[in-house]
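Peer 1: fold the following, please.
(one chain, ligands or ions: 1)
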Amino acid sequence: MSDARTATCRTCPRSCRIPEGGVGFCRSRRNVGGTIVAGNYGRVTSLAVDPIEKKPLARFRPGSTLLSVGSYGCNLRCPFCQNHQIAQAGERDVPWSEVSPERLVALACDQHRQDRRMIGIAYTYNEPLVGWEYVRDCARLAHEHGLVNALVSNGYANAEVIDQLTGLIDAANIDLKGTDPSFCKECGYDVAIVKGTIASLAHAGTHVEVTTLVIPGKNDTSEEIASIARWLHETDDGIVYHLTRFFPCWRMLDVPPTPVERVYELADVARKYVTHVHVGNC
Ligand code: SF4
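Peer 2: Below you'll find the predicted structure:
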């Protein structure tokens with residue numbers, strides 16, 4: 001029998017039923033007194049000024065930098081997670097510091113005064129949308145101070161969450177990891193939801209770039225990349241596409257690094273549909 005104060009989280013399609021005092025699958029959202037809240041709100045595990053190209057954002061204010069902020073937690077379990085130390089962690093697994101939106105934006109303003117190439121904040125490292133309220137509050141304040149906001153995300157969130165953020169996010173890089181059903185299942189997402197996020201952001205006027213990490217035997221066929229690139233073009237021909245090289249990581253140590261030449265071949269396949277295609281990690 002479930003507790004009367006068990007509540008359902010509506011942030012992503014997992015719809016976790018969380019008992020009072022418990023946390024969801026993402027290890028970020030929790031049930032406090034029957035209400036679901038972002039348990040990782042303002043809990044910062046990583047903070048660094050990064051070149052914007054590192055997000056990667058290739059065609060939004062090139063040459064600038066962003067104050068990049070991350071917490072802990074993620075709603076996917078991709079076995080190749082590149083940030084597993086924080087993305088696959090909960091509050092007791094990783095050190096964090098409390099940084100309010102006011103403090104974060106003040107830090108970004110300080111950085112901007114010191115170096116005018118520093119133009120705003122990137123919500124990144126772990127999955128920012130599992131703590132979307134922090135993104136919303138920081139992004140509003142950042143806009144009030146003339147800073148820009150960039151989102152780096154897996155895109156696996158309900159449309160209501162994306163609606164809360166459109167207008168606040170100036171640029172986004174969303175992972176489109178692959179479309180093969182068994183690969184999507186392995187990671188734990190429904191590709192239609194991720195595509196919905198990409199389309200919503202693009203149609204709302206956000207500058208959108210999309211990344212596929214090319215993994216041998218998982219998503220590295222010409223047909224797969226052509227199908228993603230075709231869909232990107234049909235959705236918004238301004239979307240920029242990144243193909244990045246895989247290196248063995250976390251629970252995927254048995255797959256070799258992607259051959260560099262294969263990443264370049266696939267970039268040529270994508271260029272038949274998308275004007276701006278970039279390769280990374282090569
Ligand atoms: S955001 Fe987290 S708690 Fe909410 S439904 Fe998704 S995985 Fe579950």
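Peer 1: which of the residues in stretch 250-259 are buried?
Peer 2: Applying a neighbour-count criterion of 16 or more other CB atoms under 10 Å, the buried positions in stretch 250-259 are 250, 252, 255, 258. All C-beta spots, glycine's among them, are computed from the backbone N, C-alpha and C.
Peer 1: just the closest of these to Leu47, please.
Peer 2: Closest approach to Leu47 among the buried residues of stretch 250-259 (CB to CB): Trp250, at 22.6 Å.
Peer 1: tally of neighbours for the closest residue to the closest one other than its chain neighbours?
Peer 2: Spatial nearest neighbour of Trp250, excluding adjacent residues (CB to CB, 6 or more residues apart in numbering): His84 at 4.3 Å. Applying other CB atoms under 10 Å, we find 17 residues neighbouring His84.
Peer 1: Ala87 now?
Peer 2: By other CB under 10 Å, 27 other residues sit near Ala87.
Peer 1: contacting residues for it?
Peer 2: Ala87 sits next to 72-74, 81, 125-127 when contact means CB atoms under 8 Å, 6 or more residues apart in numbering.
Peer 1: got the CA positions of the host helix or strand of Asn173 in PDB?
Peer 2: Following DSSP states H and E, one finds Asn173 within strand 171-175. Extracted C-alpha coordinates of strand 171-175, given in PDB (Å, rounded to 0.1, in the frame of the first residue of the first chain):
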ATOM      1  CA  ALA A 171      21.500  28.900 -26.700                       C
ATOM      2  CA  ALA A 172      21.200  25.100 -26.200                       C
ATOM      3  CA  ASN A 173      23.200  22.000 -27.000                       C
ATOM      4  CA  ILE A 174      21.000  19.000 -26.800                       C
ATOM      5  CA  ASP A 175      22.200  15.400 -27.200                       C
END
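Peer 1: figure out how far it is from the centre of its chain.
Peer 2: How far strand 171-175 lies from its chain's middle: 6 Å, per CA atoms, centre = their mean, to the nearest Å.
Peer 1: show me which residues of the helix or strand following it are buried.
Peer 2: Tracing the chain C-terminally past strand 171-175 and defining elements by DSSP H and E, one meets helix 181-187 next. By 16+ other CB under 10 Å, the buried positions in helix 181-187 come out as 183-184, 186-187.
Peer 1: what are the contacting residues of helix 181-187?
Peer 2: For helix 181-187, using CB under 8 Å, 6+ apart, the contacting residues are 76-79, 177-178, 190-191, 218-219.
Peer 1: just to revisit the earlier point, nearest to the ligand among the buried residues of stretch 250-259?
Peer 2: Trp250 (18.5 Å; CB to the nearest ligand atom).
Peer 1: that closest one contacts Asn83, doesn't it?
Peer 2: No: taking contacts as CB atoms under 8 Å, Trp250 lies outside contact range of Asn83: 9.2 Å.
Peer 1: where exactly do the strands run in the stretch 151-282 of the chain?
Peer 2: Applying DSSP state E, counting those that start in this stretch to the stretch 151-282 of the chain gives strands spanning 171-175, 207-214, 240-245, 277-280.
Peer 1: just want the angle from the third one to strand 171-175.
Peer 2: I take that to be strand 240-245. In terms of direction (axes from the mean of the first three to the mean of the last three CA atoms, to 10 degrees), strand 240-245 departs from strand 171-175 by 40 degrees.
Peer 1: in three-state terms, label the residue nearest to Gly22 when sequence neighbours are not counted for me.
Peer 2: Of all residues not flanking Gly22 in the chain, Asn31 sits nearest, at 5.5 Å (CB to CB, 6+ apart). Following DSSP: H, G, I helix; E, B strand; the rest coil, Asn31 is assigned to strand.
Peer 1: ok, Asn31 to Pro62 distance?
Peer 2: 43 Å (CB to CB, to the nearest Å).
Peer 1: which one's more surrounded, these two?
Peer 2: Shown here are Asn31 and Pro62; by other CB under 10 Å, Asn31 has more neighbours (24 against 10).
Peer 1: alpha carbons only: can I get stretch 90-107 in PDB?
Peer 2: Written as PDB, here are the backbone C-alpha positions of stretch 90-107 (Å, rounded to 0.1, in the frame of the first residue of the first chain):
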ATOM      1  CA  GLY A  90      23.400  11.600  -5.400                       C
ATOM      2  CA  GLU A  91      23.900  14.200  -2.600                       C
ATOM      3  CA  ARG A  92      26.100  11.900  -0.400                       C
ATOM      4  CA  ASP A  93      28.300  10.700  -3.300                       C
ATOM      5  CA  VAL A  94      30.000  14.000  -4.300                       C
ATOM      6  CA  PRO A  95      31.000  17.200  -2.500                       C
ATOM      7  CA  TRP A  96      28.900  20.200  -3.200                       C
ATOM      8  CA  SER A  97      28.600  23.900  -2.100                       C
ATOM      9  CA  GLU A  98      25.400  26.000  -1.700                       C
ATOM     10  CA  VAL A  99      25.400  28.700  -4.400                       C
ATOM     11  CA  SER A 100      22.200  30.800  -4.600                       C
ATOM     12  CA  PRO A 101      21.000  32.200  -7.900                       C
ATOM     13  CA  GLU A 102      22.000  35.700  -6.600                       C
ATOM     14  CA  ARG A 103      25.500  34.500  -5.700                       C
ATOM     15  CA  LEU A 104      25.900  32.700  -9.100                       C
ATOM     16  CA  VAL A 105      24.900  35.700 -11.100                       C
ATOM     17  CA  ALA A 106      27.100  38.000  -8.900                       C
ATOM     18  CA  LEU A 107      30.000  35.700  -9.700                       C
END
